[in-house]
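Colleague: task: produce atomic coordinates for the following.
(2 chains)
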Amino acid sequence: MSNFPAAIYIVSGIFILCLGTLTTGALIAVLSTRLIRSVCGLAICCLGLAGMYYFLRSPFLALMEILIYIGAVCVTIVFAVMLAEPDEAAESRQHGILWGTVAIGVAAAIFWGLWQLGTRVTWAVPQFRANSGSVEDIGKSLLTTYSLAFEMISLALLVAILGALAIARTGRTKS
Amino acid sequence: MNPIYDRLEIYLAAAAFLLAIGVFGLLRRRTLIGMLISGELIFSAASLNFMAFNRFTAPDPVVGQVFVLFIMGLAAAEVAIALSIILAVYRNYRSVNTKDLSELNG
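Modeller: Numbers count the residues shown, from 1 in each chain, chains lettered A, B, ... in the order given. Sure thing, here's the model as predicted:
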């Protein structure tokens, strides 16, 4: 790779750090009882995911992940937590344990099945690459091949903003 | 053997973990906002899977990135809509617990 022999270990360490950030963030997001901590866990998880995107040779998507998820989605959820005070009430203990066991079983089954699928199958390696996948290539294909989808997603975002405003506003005028 | 950051299985396992934990949260949470956060984790799992296959097996590495970009845009729109619905529900019921929203529950 390079003539600096320890580089591979340093890069592996950074990768494991990203992986750890991802898993701990996801666990915090799911397991904490206070919802505001859960949102913070989602933000940490997205930070780790941005690192994974960087290792997958897409710094553009890493930046977009931080910008959209941490900057927009998490902040919006924080606003909703502030406005709706949604802390979970304590439930009857037996029902909670039963349901938690079922949820753990389903999650473990999904993880085990996908793990088996991922490790057993040998995935085909492409013979050649059409381009390098840089930001310049993304921009070119967004304005040529995917221009219709690009316009449609801007339309979808516009409709979503208008719909969100309409739904939130009718509730206010009634009360 | 390739280093750890250059192997497809690691990324697939991370995506599978995210999906499993998202489904776990979706089953376990009892408020709408908690379920929304778990849904975001599932979205992230799908995006990570797309990007992993895009990096290792796709002949055109732009396709996966564009697709994940569109997933992010639609997720943002979905969050905006879902949160406004949650606020409307909270104004009507004074609660976002899924147990209280059972008017159609025969």
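Colleague: so which residues of chain B form helices?
Modeller: For chain B, helices defined by DSSP state H occupy the ranges B:8-28, B:32-56, B:62-93.
Colleague: can I get these in CSV with distance to chain A, mean pLDDT and mean neighbour count?
Modeller: To be clear about C-beta, it is placed using only N, CA and C from the backbone, and glycine gets the same treatment. Output for the helices of chain B, formatted as CSV (distance: least, CB to the nearest CB, whole Å; pLDDT from 0 to 100; neighbours: other CB atoms under 10 Å in any protein chain shown):
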stretch, distance to chain A, mean pLDDT, mean neighbour count
helix B:8-28, 3, 93, 22
helix B:32-56, 4, 92, 22
helix B:62-93, 4, 90, 20
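Colleague: how about the ones you listed, which one is nearest residue A:159?
Modeller: Of all the helices of chain B, it is helix B:62-93 that lies closest to residue A:159, at 8.0 Å by CB to CB.
Colleague: any low-confidence regions in chain A?
Modeller: A:1-2, A:86-93, A:171-175 (pLDDT under 70).
Colleague: give me the most central residue, it.
Modeller: residue A:46 (5.2 Å; CA atoms, centre = their mean).
Colleague: quick one: contacts for that residue?
Modeller: A:25, A:65-66, A:69-70, A:74, B:44 (CB atoms under 8 Å, 6 or more residues apart in numbering or on different chains).
Colleague: ok, of those residues, which one's closest to residue B:89?
Modeller: Set against residue B:89, the nearest of the contacts of residue A:46 by CB to CB is residue A:74 (20.8 Å).
Colleague: which residues does the closest one contact?
Modeller: A:39-40, A:42-43, A:46.
Colleague: swap in 10 Å and give it another go.
Modeller: Neighbour list for residue A:74: A:39-46, A:68, B:37, B:40, B:79 [criterion: CB atoms under 10 Å, 6 or more residues apart in numbering or on different chains].
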